[in-house]
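1. after the sequence you'll find the predicted model.
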Amino acid sequence: MSGVIQGFGVIATIVLVGYLIGRAGVLGESGREVLTRLSFYVGTPALLLQMLSESDVLVLFSVPLLVTALSTFAAAGLFVLVGVLRRWNIRRTTIGALCSSYVNAGNLGIPIAVYVLGDASLVAPVMLFQLLVLTPIGLTVIDFAQGERRTSVWLRILAPFRNPIVICSLLGVAISLSGWRIPAPVLEPLTLLGHLSVPTVLLAFGISLRGSTIPAVGDERWPVLLSVGLKSVVHPVIAWAIGAGLFGLQGAPLFAAVVISALPAAQNLFVYASHYNVGVRLARDSILLSTILCVPVLFTVTALLG
């Protein structure tokens, strides 16, 4: 489990640096907003374009990924159901649903796949599924729901396709399917810009922790606790039930599906929440708490199924 500890250590260190930057006021009052906008408009689109253009999107068609996809939609659907019953805002409910199901397949998924599962390629289909399916669905709902009544339905439908993350994801898939490869003179600066994505997100996340209480008080407390419970406990349990009961998975494939589903909420959800200025504390607290709980959850899963 050294890879798990190492992955958590890297993330915690950068978040701590962000927290110290926030306390010292190095970037001023708008530091967090600048970093999240930099990640949303530059770092993350560049990273997705580079990753997806070099990936094999055909790996999406596999039984283990189907288990992950079904369990993901089930966990998100449970949050949406509670949100509908409690009459929560649509956009905030969408952020909560993503926090309940969207796993940190990059920062933590890769080292965990290497050291726990023994194969880094196991997280690639999950990353593609989240980038090509979950992200467009989530951002489309948020974009559509935030439209003013005076805005035409046609403009609201087209809003997601003005989103740089969606645009670069679709462009990356198109390049991958075409078999064309981005020339090195273009790929190198694109890769360099993509390296901005993760550190800027983690630094902004650290800055947001200054003066905060965990979990958030007031209206955010129960959505946070619900999303964390779904992400940390319910999601992996559903993955196990679907994998073993519906598809008859056993051994390593079942273990991999449950481990991946037990990963915490991804940090890029904080970028989405910050950019749209909706559910920011919900996203921040859900990510932080699910990341902390991920350690005992992974050890439990490993003891039971490993």
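-> Great, that's in hand.

2. could you measure residue 104 against residue 269, distance?
-> 9 Å (CB to CB, to the nearest Å). Glycine gets a C-beta too; all of them are placed from N, C-alpha and C.

3. kindly report the same for residue 102.
-> 6 Å.

4. again, but for residue 225
-> 17 Å.

5. looking at those two, which one has more neighbours?
-> residue 269 (25 against 15; other CB atoms under 10 Å).

6. wait, isn't that one in contact with residue 103?
-> No - taking contacts as CB atoms under 8 Å, residue 269 lies outside contact range of residue 103: 10.3 Å.

7. in three-state terms, how would residue 75 be classified?
-> helix (DSSP: H, G, I helix; E, B strand; the rest coil).

8. how close does the residue positioned nearest the centre of the chain get to residue 285?
-> Central residue of the chain (CA atoms, centre = their mean): residue 266, 3.3 Å from the mean position. From residue 266 across to residue 285, the span is 14 Å (CB to CB).

9. try residue 69
-> 26 Å.

10. cool, residue 46 as well?
-> Counting by CB to CB - residue 46 and residue 285 are separated by 28 Å.

11. cool, residue 58 as well?
-> In terms of CB to CB, residue 58 sits 37 Å off from residue 285.

12. who's more crowded, those two?
-> residue 285 (26 against 11).

13. can you give me the buried ones in the longest helix that the chain contains?
-> Secondary structure assigned by DSSP state H gives helix 280-305 as the longest helix of the chain. Neighbour-count burial for helix 280-305 flags 280-291, 293-294, 297-298, 301-302, 305 (criterion: 16 or more other CB atoms under 10 Å).

14. and residue 188, how far is that from residue 279?
-> From residue 188 to residue 279 the distance is 36 Å (CB to CB).

15. hang on, I meant residue 117
-> 31 Å.

16. check residue 250 too.
-> 38 Å.

17. which one of the two has more residues nearby?
-> A count of neighbours by other CB under 10 Å puts residue 279 above the other of residue 250 and residue 279, at 29 against 11.

18. what about the residue nearest to that one when sequence neighbours are not counted, how many residues nearby?
-> Among residues not flanking residue 279 along the chain, residue 95 sits closest, at 3.4 Å (CB to CB, 6 or more residues apart in numbering). Close neighbours of residue 95, defined as other CB under 10 Å, add up to 27.

19. element containing residue 95?
-> helix 90-99 (DSSP states H and E).

20. quick one: contacts of that helix?
-> 76-77, 79-80, 83-84, 88, 134, 138, 141-142, 145-146, 223, 226-228, 231, 265, 269, 272-273, 276, 278-279, 282-283, 286-287, 290 (CB atoms under 8 Å, 6 or more residues apart in numbering).

21. give the ChimeraX command for selecting the buried subset of the residues you listed.
-> Typed into ChimeraX, the line below selects the buried ones among the contacts of helix 90-99, using 16+ other CB under 10 Å:
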select :76,79,80,83,88,134,138,141,142,145,223,226,227,228,231,265,269,272,273,276,278,279,282,283,286,287,290
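
22. show me where the stretch 1-150 of the chain has helices.
-> 2-24, 31-38, 44-53, 63-86, 90-99, 109-112, 124-129, 135-146 (DSSP state H, counting those that start in this stretch).

23. figure out which of these is closest to residue 197.
-> helix 44-53 (4.4 Å; CB to CB).

24. what is the burial count for the nearest residue to residue 100 once chain neighbours are set aside?
-> Using CB to CB, 6+ apart and skipping residues adjacent in sequence, the residue nearest residue 100 is residue 230, 3.9 Å away. Counted with other CB under 10 Å, the neighbours of residue 230 add up to 27.

25. tell me the contacts of the residue nearest to residue 247 when sequence neighbours are not counted?
-> Leaving aside its sequence neighbours, residue 247 sits nearest to residue 63 (CB to CB, 6+ apart; 5.6 Å). Residues in contact with residue 63 (CB under 8 Å, 6+ apart) are 247, 249, 253.

26. so residue 188 is in which element?
-> helix 184-194.

27. what does the helix or strand following that helix rub up against?
-> On the C-terminal side of helix 184-194, the closest following helix or strand by DSSP H and E is helix 197-208. If you take CB under 8 Å, 6+ apart as the criterion, helix 197-208 is touched by 11, 14-22, 27, 31-32, 35-36, 38-39, 43-44, 46-47, 106-107, 267-268, 270-271, 274, 280, 284, 287-288.
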